[in-house]
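K.L.:
Next one to model:
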Amino acid sequence: MPTAHLSPELLLERARAGDQQALGQLLEEYREYLRLLARARVGRELQVRLDPSDLVQDALLEAHRDFGQFLGQTESELTAWLRQILVRNLTDQLKHHHSQMRDYEREQPLEVLVEQAHEALAAPLSTPSAQAVRREQAVVLANALARLSDDYREVIIRRHVEGQSFDEVALAMGRTSGAARMLWMRALERLGRLMEGSDGTT
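P.N.:
This is a model prediction of the structure:
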């Protein structure tokens, strides 16, 4: 039976039964979500050497390999397990950059920081869709963000995931503070339409 459009719980059930296609599809559901968490926790100065996409790919490969060790039953438990793998891999990579590690060691542990990024994503930026009620809000939001234009996605990530001020966003994106605020408002409106499922275009 095809696996298209199945819920994470059904995909999880099939994956446990040994369906490798279902397992691959299940893990792929969380690529954008993990990429946002990785980006939020890889400092700007380290992104030259640590690509969040590579970190996510490694985490998903490890999750596929070690799936038999996952004992949870829900999507929430699965996302928590995936975050643990991402934190472990991120920590290992950062250990190769000893001079930068001092900055991280002065902060909270990486696990706490990743959980904070997850909570930022889980906080609704628009009216939750019916899908977001049934699924993890943070995952639905991450997938919707991936469908936005580059500028819209960037301004929302900087404001809500990375916690930047409008002045900081403006400087990073080469805009005035007022223009950055207007871009943010338009981006939230577009995101809201995507989250509500009323507009499937990008």
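
K.L.:
can you list the domains in this structure?
P.N.:
Listed by automatic domain parsing, the domain ranges of the chain are 8-122, 128-202.

K.L.:
Make TSV out of those domains and add mean neighbour count and mean pLDDT.
P.N.:
Backbone N, C-alpha and C define where each C-beta goes, glycine included. Below are the domains of the chain laid out as TSV (neighbours: other C-beta atoms under 10 Å; pLDDT from 0 to 100):
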stretch	mean neighbour count	mean pLDDT
domain 8-122	16	81
domain 128-202	17	83
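
K.L.:
just the helices in this protein please.
P.N.:
Here the chain has its helices, by DSSP state H, at 8-16, 20-28, 31-41, 52-65, 75-94, 98-106, 110-122, 130-134, 137-145, 150-156, 166-173, 177-196.

K.L.:
Gln25 touches Leu11, doesn't it?
P.N.:
Yes - using C-beta atoms under 8 Å as the test, Gln25 is close enough to Leu11 to be in contact (5.9 Å).

K.L.:
Could you check how far Leu188 is from Arg153?
P.N.:
For Leu188, the distance to Arg153 equals 12 Å [C-beta to C-beta, to the nearest Å].

K.L.:
and if you look at Leu37?
P.N.:
15 Å.

K.L.:
Tell me who's in contact with Ala172.
P.N.:
Residues near Ala172 by C-beta atoms under 8 Å, 6 or more residues apart in numbering: Arg158, Gln164.
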